[in-house]
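1. curious how this folds, go ahead:
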Amino acid sequence: MSRRLLIRDVTLRDGQQSLFATRMNQHQVDRLLPMYKDAGFYALEVWGGAVPDSIMRFLNEDPWVRLEKIKKAIGSASHLTALSRGRNLFGYNPYPESVIEGFNRNAIQSGISIMRIFDALNDTKNIRSTIKYVKENGGLADCVVCYTVDPKFTRKEKFQAFLKGKKLPEDIFTTDYFVRMAVELEAMGADMITIKDMAGLITPQKSGEMVKAIKQAVKVPIDFHTHCTPGYGLSGALMAIVNGVDIVDTAIMNFAGGPAAPAFELIQLFCNKMDIETGVNLEAVVEINRKLKEIRLEMADIDSYKQYPIEFNILTDKLPAEINQLFVEAIDFAKNDKTDQLQEVCQKIERYFNFPEPDEKVKFAEIPGGMYTNMLSQLKQLQQEHLLTRVLEVIPTVRVAAGCPPLVTPTSQIVGAQAVNCVVDENNGNPFYTNNSSQFVNLVKGQYGKTPIPVDPEFRLKIAGTREEIPFNTEGYQRQPNPEFPEMGENYRLANNEKEELLLELFPNVATKFLNDRIQRILMEKKLAEAREKQRIHEEAQAQYLAMSAEEKYNRLLKGIALYC
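-> Next comes the predicted model:
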């Protein structure tokens, strides 16, 4: 009997977010849904992440409508999944229970059956309430272990620490650290655990080691999620499969590779050779991939790579003998823990299929690609690009000072932006931390939750004005303004139902503009309709008058004169 591997397709959320800044419009999504219904993936990640914000901000589309249309088209053929950030949901600060409950209830009622929940500090307390509300409403709680690596210090920094009698932290994010977190999440009610490597930094050796250890420690299914940015994606996924992972996240070929997830087609080819059944309808996949190429060409202006995979039909195309042999070798290397050879062979496979080369800058710096580009953008705005090398050197110091948070959204952006501030301070002859972002202050203060290592109380006093950790308190939370629009009717407001109110709470600036623009469109359409109706009545009266006989016109004129007199 062959083994079964479940596939979560992430094309419509993570794939387009990684490659095309989440710009797929509703029409483009709708074109794919009949084929996705036939494809038979275990799950489709279609919502959460940047989707709700981006489609309001750039496409003027309603996030709830997007989700509900997908659910109507897919039905029960696949689970629909979304990504949220525990107590923070989509923002930086924690939300009160009422907002967390309302969001999760409405997401499940609108079609989500698996909510993937992570916390940027790997603080399980920030995940607890979401697990509760997801399960109360009939959903499955997919709880995330955010993969990250220890900070890497230069020899100079190590020597300076030694001279000061300080020990730099090491061996923080060990396999045992992640196993303990997985066990804790299972005890809290997780229905599955995802090893989520948002930066693509998990090496094949670490991938196999973590999957094996977590599988031994928990009973719930394990999902493996990674990206291909620094070149480990395909080899890491294969090692996860060989070591018994239950679910793998993939994107269909034309939306895969580079900063996105590994290609489904390559994972399927490995599975074919290992007698592993995925249950996916490959005919539907071929059609989806063909349509994705069309859609990718339509989004060429925001495609940062414009490097397309080769045309490949997984049902009919045969691999050249030497490429087929690479697949065989990769499986053999994975089964025998020869991870260096595995990595080399997998990169040859990806090169044949014309996926982007590994990003060596990200691989060397061991930071997420988005963090790297945001720092570079920040420096360019300041006309200080030449300071980038120094910023990369400073990141570990800033990160450790802030409690060594995992480098995932939003903590990666907080640490990166602060590292830039520190180097700019230094360049201007000022000490580090002369200028601090409010988010960095809140991170050090304890507003986001418990950091993996404690923050030095003296540093907290310097940055946040307190030695004691101060958790975020939602008692003073104030809901977003929801003004009335009397011109739309009695009691008509900017947000007129719970879903719209949630958009206001979660994305205040973007949702305010989105909802206001919609009201202005409705008012304009109403005025146009009234004008058209007046014009119709006028034209109808004019036509009736022209159709009258001369006698009827004369009599009508006499009646008018009589009324006037």
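2. alpha carbons only for contacts and neighbour counts from here, please
-> OK.
3. give me the low-pLDDT residue ranges for the protein?
-> For the chain, applying pLDDT under 70 flags the ranges 1, 159, 161-163, 165, 553, 557, 560, 562-565.
4. counting contacts, what elements does the helix ranked longest in it pack onto?
-> With secondary structure taken from DSSP state H, the chain has its longest helix at helix 508-547. When contacts are defined as 3 or more C-alpha pairs under 8 Å, 6 or more residues apart in numbering; DSSP states H and E, helix 508-547 sits against helix 51-59, helix 498-506.
5. contacting residues for V220?
-> Applying C-alpha atoms under 8 Å, 6 or more residues apart in numbering to V220 gives the contacts E186, A190, D191, M192, I193.
6. P169 is in what secondary structure piece?
-> Assigned by DSSP states H and E, P169 falls within no helix or strand.
7. what about it, how many residues nearby?
-> Neighbour count of P169, defined by other C-alpha atoms under 10 Å: 13.
8. how close does it sit to A401?
-> Remark: distance between P169 and A401 (C-alpha to C-alpha, to the nearest Å) = 11 Å.
9. repeat for S18
-> For S18, the distance to A401 equals 30 Å [C-alpha to C-alpha].
10. compare these two (neighbour count), which wins?
-> S18 (22 against 18).
11. what about the closest residue to that one other than its chain neighbours, which SS state?
-> Spatial nearest neighbour of S18, chain neighbours left out: A260 (5.2 Å); criterion: C-alpha to C-alpha, 6 or more residues apart in numbering. Classification of A260 using DSSP: H, G, I helix; E, B strand; the rest coil returns coil.
12. quick one: which of the contacts of V220 is the most crowded by neighbours?
-> Ranked by the number of neighbours (other C-alpha under 10 Å), these place I193 first, at 28 neighbours.
13. from what I can see that residue touches V145, true?
-> Yes - counting by C-alpha atoms under 8 Å, I193 touches V145, with 7.2 Å between them.
14. mutual contacts of the two, please.
-> A182.
15. follow-up on the earlier one: turn the contacts of V220 into a markdown table, columns for distance to R116.
-> A markdown table is the format used below for the contacts of V220 (distance: C-alpha to C-alpha, whole Å):
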| residue | distance to R116 |
| --- | --- |
| E186 | 14 |
| A190 | 10 |
| D191 | 10 |
| M192 | 9 |
| I193 | 9 |
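16. F103: neighbour count?
-> Neighbourhood size, F103 [other C-alpha under 10 Å]: 24.
17. that one: which element?
-> Judged by DSSP H and E, F103 forms part of helix 97-109.
18. next helix or strand past that helix?
-> Per DSSP H and E, the first helix or strand lying C-terminal to helix 97-109 is strand 114-117.
19. that next one pairs with which strands, parallel or anti?
-> Using DSSP bridges, the strands paired with strand 114-117 are strand 79-84 (parallel), strand 140-146 (parallel).
20. just those: most buried one?
-> For the strands paired with strand 114-117, the largest average neighbour count (mean count of other C-alpha atoms under 10 Å) is found in strand 140-146, namely a mean of 26.
21. out of the contacts of V220, the closest to L376 would be?
-> I193 (33.7 Å; C-alpha to C-alpha).
22. how much space separates the closest one from L33?
-> The gap separating I193 from L33 is 27 Å, by C-alpha to C-alpha.
23. mind listing the strands for the stretch 201-350 of the chain?
-> 222-225, 247-250, 276-277 (DSSP state E, counting those that start in this stretch).
24. nearest to N436, of the ones you listed?
-> strand 222-225 (33.1 Å).
25. who are the packing partners of the closest one?
-> Counting by 3+ C-alpha pairs under 8 Å, 6+ apart, strand 222-225 packs on strand 192-196, helix 204-217, helix 233-242, strand 247-250.
26. return that strand as PDB; C-alpha atoms alone will do.
-> C-alpha atoms of strand 222-225 as PDB (Å, rounded to 0.1, in the frame of the first residue of the first chain):
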ATOM      1  CA  ILE A 222       2.600  18.000  10.600                       C
ATOM      2  CA  ASP A 223       2.700  20.500   7.600                       C
ATOM      3  CA  PHE A 224       5.900  21.800   6.100                       C
ATOM      4  CA  HIS A 225       5.900  25.300   4.600                       C
END
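27. start the count at 132, not 1, going forward
-> Got it, the first residue is 132 from now on, which makes the last one we talked about strand 353-356.
28. for that strand, give me every contacting residue.
-> 323-329, 342, 345-346, 368, 371, 376-381, 392.
29. pairing partners for it, with directions?
-> Strand 353-356 is paired, per DSSP bridges, with strand 323-327 (parallel), strand 378-381 (parallel).
30. if we can go back for a sec, who wins for proximity to K202 among the helices and strands packed on strand 353-356?
-> strand 378-381 (19.8 Å).
31. distance between that closest one and the chain's centre?
-> Distance, stretch centre to chain centre, for strand 378-381: 15 Å (C-alpha atoms, centre = their mean, to the nearest Å).
32. neighbouring contacts of that strand?
-> For strand 378-381, the external contacting residues (C-alpha under 8 Å, 6+ apart) are 136-142, 352-357, 368, 372, 387, 392-395, 398.
33. tell me the buried residues in stretch 445-454?
-> Neighbour-count burial for stretch 445-454 flags I445, I454 (criterion: 16 or more other C-alpha atoms under 10 Å).
34. tell me how far it is from the chain's mean position?
-> 33 Å.
35. now do it: everything it contacts.
-> Identification of contacts with stretch 445-454 by C-alpha under 8 Å, 6+ apart yields E396, L413, E414, V417, I480, Y483.
36. pull out the buried members of those residues.
-> Burial by neighbour count, 16+ other C-alpha under 10 Å: within these this picks out E396, L413, V417, I480.
37. F616 and M655: what is the separation?
-> On the measure of C-alpha to C-alpha, F616 and M655 end up 14 Å apart.
38. from the strands paired with strand 353-356, which stretch is densest packed?
-> Comparing those by mean neighbour count (mean count of other C-alpha under 10 Å), strand 378-381 ranks first with a mean of 27.
39. CA atoms only for that strand, dumped as CSV, please.
-> Written as CSV, here are the backbone C-alpha positions of strand 378-381 (Å, rounded to 0.1, in the frame of the first residue of the first chain):
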residue,chain,number,x,y,z
ILE,A,378,1.3,17.8,4.4
VAL,A,379,3.5,19.9,2.2
ASP,A,380,2.8,23.4,0.9
THR,A,381,3.4,23.9,-2.8
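40. tell me the helices and strands packed up against whichever strand or helix holds K202.
-> Secondary structure from DSSP H and E places K202 in helix 194-205. Packed against helix 194-205 by the contact rule (3+ C-alpha pairs under 8 Å, 6+ apart) you find helix 157-170, helix 182-190.
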